[in-house]
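J.: Predicted model follows, preceded by the sequence.
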Amino acid sequence: AEQAAKQSSVQLLWEERKKKTGETSAALDAVMAMQGLELVKRELYEVYCSVQVSQQQGKQPGFNFNARFDGNPGCGKTTVARHYAAFLQEVGILPEKAHMFETSGAELLNNGIKKLEEELEKVKKVEGGVIYVDETYQLNTNMGRQVMDFIL
């Protein structure tokens with residue numbers, strides 16, 4: 001009972017679902033184990049449920065899986081982004097061999113659009129992947145705007 005009191009309502013829903021269905025998701029478990037982040041947990045759980053329903057109906061999920069993580073330094077954005085990428089692989093949205101590229105705004109400024117183009121080619125080659133840009137505020141320069149325009 002004490003453990004249940006420490007869990008949020010969405011964590012309890014996830015635990016109950018796992019018991020009833022036998023479903024598993026290491027990435028969803030990892031996010032659920034993080035402190036706070038109730039809105040993130042709920043959103044990820046809802047995406048999980050929507051994907052499961054779509055798969056049961058033999059359909060592709062009808063929404064975009066792009067995500068933007070906002071927040072103060074140290075609140076878990078990068079950790080959640082990594083878990084989200086793993087989650088997308090677990091539920092079959094991304095292929096097993098999906099290309100994961102993690103960079104920063106400063107790195108993109110130094111390497112320019114050419115590096116980003118190379119990484120996008122790798123994503124296309126394996127038919128899916130994640131490009132995570134940390135510290136995007138560093139792109140708030142003339143050259144950075146060019147990189148952002150390319151991304152968008």
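T.: Nice, I can see it. Numbers count the residues shown, from 1 in each chain.
J.: what's the closest non-adjacent residue to the residue positioned nearest the centre of the chain?
T.: Relative to the mean C-alpha position of the chain, the nearest C-alpha, by C-alpha atoms, centre = their mean, is the one of Tyr84, at 2.7 Å. In space, and not counting its chain neighbours, Tyr84 is closest to Ala67: 6.1 Å by C-beta to C-beta, 6 or more residues apart in numbering. C-beta: built from backbone N, CA, C; applies to glycine.
J.: what about Lys59, how many neighbours?
T.: For Lys59, the count of nearby residues is 9 (other C-beta atoms under 10 Å).
J.: can you pull the pLDDT of it?
T.: You'll see Lys59 listed with a pLDDT of 92.
J.: Check His99 too.
T.: The per-residue pLDDT reported for His99 equals 90.
J.: how close does the residue lying closest to it once chain neighbours are set aside get to Glu38?
T.: Across the structure, with C-beta to C-beta, 6+ apart as the measure, the residue nearest His99 apart from its sequence neighbours is Gly129 (3.5 Å). Distance of Gly129 to Glu38, given as C-beta to C-beta, to the nearest Å: 29 Å.
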